[in-house]
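>>> with the input below, show me the fold.
(chains A and B)
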There are 2 protein chains.
Amino acid sequence: MSDRYWLGVDLGGTKILTGLFDDDMKLLARNKQPTGAEAGPAGVFGRVIQGVEAVMREAKLEPAQIGGMGFAIPGQIEPGKPVVRFAPNLDWRDVDCQALLPKEWPWPVFLENDVRMGTYGEFAHGAAKGAKHVFGIFVGTGVGGGFILDGELFTGFNGHAGEIGHIVLHWRKGTTLEAIAGRKYQMQRVKAQLEDSPKHLRKSWKGVDPEKVKSSQLAEFYETGDPIAVGIIDDAARALGAAIGSVINLLSPEVVVIGGGVTGALGDSFTERIWDIAQRYALPGAATNVKCVTAALGDDSGIVGAAAFARSKAGAA
Amino acid sequence: MSDRYWLGVDLGGTKILTGLFDDDMKLLARNKQPTGAEAGPAGVFGRVIQGVEAVMREAKLEPAQIGGMGFAIPGQIEPGKPVVRFAPNLDWRDVDCQALLPKEWPWPVFLENDVRMGTYGEFAHGAAKGAKHVFGIFVGTGVGGGFILDGELFTGFNGHAGEIGHIVLHWRKGTTLEAIAGRKYQMQRVKAQLEDSPKHLRKSWKGVDPEKVKSSQLAEFYETGDPIAVGIIDDAARALGAAIGSVINLLSPEVVVIGGGVTGALGDSFTERIWDIAQRYALPGAATNVKCVTAALGDDSGIVGAAAFARSKAGAA
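Now for the predicted structure:
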């Protein structure tokens, strides 16, 4: 039945994921390329093009069969323009993507921030499917988020709506959510605490580089009751709970989706714990019938979201 | 040119304001009634009806000339229903307004929370006129807010979106914005601080009941440099700044409108100070071209907003 196909490209700091989907958002082909950000925008775009060509070849499709492409960017997009304003992990500033995309591609390309695309993916085909107002929060190196309001991605006046990592959780100190629940800060904390810890506590961390600890490893430490990991995860849950409680009162979403590395590693128990805390902050009635769920699409949320976003935009045009 | 007229009713804890507007939102007649909440919903509705009849008589209009009525309620509305879920200042729970309104009124009645209506008023005909995404924050007994997104009032899944007073500003203690910047808590603080203060500081407050201090009086104390008033207003500005900074990052509004008693009494210098703090928390680029303004409609924001809201709803129908 499908006569139009959709491309979803998720540009990350280290890898580029490309997916080709049919009109029912079934994944037909998938490709992974290294980002190679050190080669600059032109080099990165060369690999984006390779990824797109690879999935088209695999699925045996012609350019005319593509309805559109969603392009998830790890940074801020200039509203209404195909321009990346700032992407810290790529070291990009004011990069005009239009100029770097092949002129011969006949399909429209829709840029959006990667976390916003991930939220769109969970809304369109993941854990929040069927809801009208969705808030997505992704806990990784940083903490980002996105809003679906009335069934559409909401990005606001300056195009960055959803940046929950930068809400203030301590009005005197100015501490933000990301500064408590973001991986970068957590790893700095592991390091500092290891230096101060008695020898028997340090034992389990022997040979582990705190700056390179994976989410899965942190989750393992947590589950064995390691006090450093427990302290970090507990604080993250408390801070995420307070922030989500604030979002419940401020925006009244229908579904909250929590994703990202740590959430994926710890699973539903982490989500439930955060939601338990969030509900304590919610006004009477504000959390009634509201669901808080773990993201379902994992690493594919970006490509699914990008393809679904392109479909909604091109379909509406 | 105007052939349809609009009613705006603002039901407060102590007074009911009613305004009759022409199609250009020019105020033709205005009425004020005591709320008399102690008489219960039926008694209050009796005075609402008196107010409406009074403005219609004054403007010499027939019921058929009324396009609709907006009804601002100091509480939570059941989404999509003419039911007040909870209005603490009136001591109302689950009050069905449909049943209490005269059956012979031929015009549609649109209920909404009073702060949301006030925000709509500032958006439609006040300080935020012309903007697409507006966040309104009103600092009074409590601290409330409202969102205009894409030119429409956004109330969310459970109908309460905008409740900025209940965002968490201290993630460990759970302190909310209202608990720092709301009048109730500020007055408790004045009381506690007066008890602890040396005699010379207490002198200026002599004969003043801290629980009944008006905004204008607090502003006067502040302007004379009274340390208790300065401490309270400074903390309010800092907390409001942190909360608005969070809203900038989370929702990317185009205009932030600050209203309510204290803001009205202290004027633009208070707004500027809050905005100065908010911008420090904003992500790079997030506050670019964003305006923060003092509410322009004062006590009339509710009736203007209610009438304009009715016009937008009835006009769209």
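
>>> these two touch, right, residue A:129 and residue A:123?
Yes: proximity of residue A:129 to residue A:123 meets the contact threshold set by CB atoms under 8 Å, at 7.1 Å. For every residue, glycine as well, the C-beta is placed using N, CA and C.

>>> does any part of the strand or helix carrying residue A:122 sit near chain B?
Assigned by DSSP states H and E, residue A:122 falls within helix A:114-125. No: with CB under 8 Å from any CB of the partner chain as the threshold, helix A:114-125 lies outside contact range of chain B, at a closest distance of 11.4 Å.

>>> name the helices or strands packed onto that helix?
Helices and strands in packing contact with helix A:114-125 are listed as strand A:5-11, strand A:66-73, strand A:134-139, strand A:143-149, strand A:152-154, strand A:255-259, helix A:301-316; criterion 3 or more CB pairs under 8 Å, 6 or more residues apart in numbering or on different chains; DSSP states H and E.

>>> rewinding a little: more crowded one of residue A:129 and residue A:123?
Each of residue A:129 and residue A:123 has its neighbours counted (other CB atoms under 10 Å in any protein chain shown); residue A:123 has more, 29 against 12.

>>> tell me the contacts of the more buried one?
When contacts are counted by CB atoms under 8 Å, 6 or more residues apart in numbering or on different chains, residue A:123 touches A:129, A:131, A:134, A:136, A:148, A:257, A:305.

>>> and if you look at residue A:96?
Going by CB under 8 Å, 6+ apart, residue A:96 touches A:82-83.

>>> look at it and report its pLDDT.
The confidence metric pLDDT takes the value 96 at residue A:96.

>>> on that earlier part again, in TSV, list the helices and strands packed on helix A:114-125 along with distance to residue B:96.
Listed next are the helices and strands packed on helix A:114-125 as TSV, based on distance: least, CB to CB, whole Å:
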stretch	distance to residue B:96
strand A:5-11	47
strand A:66-73	46
strand A:134-139	31
strand A:143-149	29
strand A:152-154	33
strand A:255-259	29
helix A:301-316	38
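
>>> quick one: closest of those to residue B:246.
strand A:143-149 (12.1 Å; CB to CB).

>>> the closest one and chain B, are they touching?
Yes: Strand A:143-149 is in contact with chain B by CB under 8 Å from any CB, via A:145, A:147, A:149.

>>> mind showing which ranges of the stretch 1-150 of chain A have poor pLDDT?
Regions of the stretch 1-150 of chain A meeting the criterion pLDDT under 70 cover residues A:1-2.

>>> contact residues of it facing chain B?
A:76, A:85-86, A:132-133, A:145, A:147, A:149.

>>> again, only using 7 Å
A:76, A:85-86, A:133, A:149 (CB under 7 Å from any CB of the partner chain).

>>> from those residues, pick the one nearest chain B.
Compare each of these with chain B using CB to the nearest CB and the shortest gap goes to residue A:133, at 4.9 Å.

>>> for the closest one, give me phi and psi.
Note on residue A:133: backbone dihedrals following degrees, to the nearest 10 are phi -120, psi 110.

>>> and for residue A:168, nearest residue in space, chain neighbours not counted?
Ranked by CB to CB, 6 or more residues apart in numbering or on different chains and with sequence neighbours excluded, the top spatial neighbour of residue A:168 is residue B:242, at 4.2 Å.

>>> helix/strand/coil for the one you found?
Using DSSP: H, G, I helix; E, B strand; the rest coil, the structure places residue B:242 in helix.

>>> in contact with it, which residues?
Taking CB atoms under 7 Å, 6 or more residues apart in numbering or on different chains as the contact definition, residue B:242 lies against A:168, A:171, B:169, B:277, B:281.

>>> list the contacts for the fourth one?
Residue B:277 makes contact with B:237-238, B:241-242, according to CB under 7 Å, 6+ apart.
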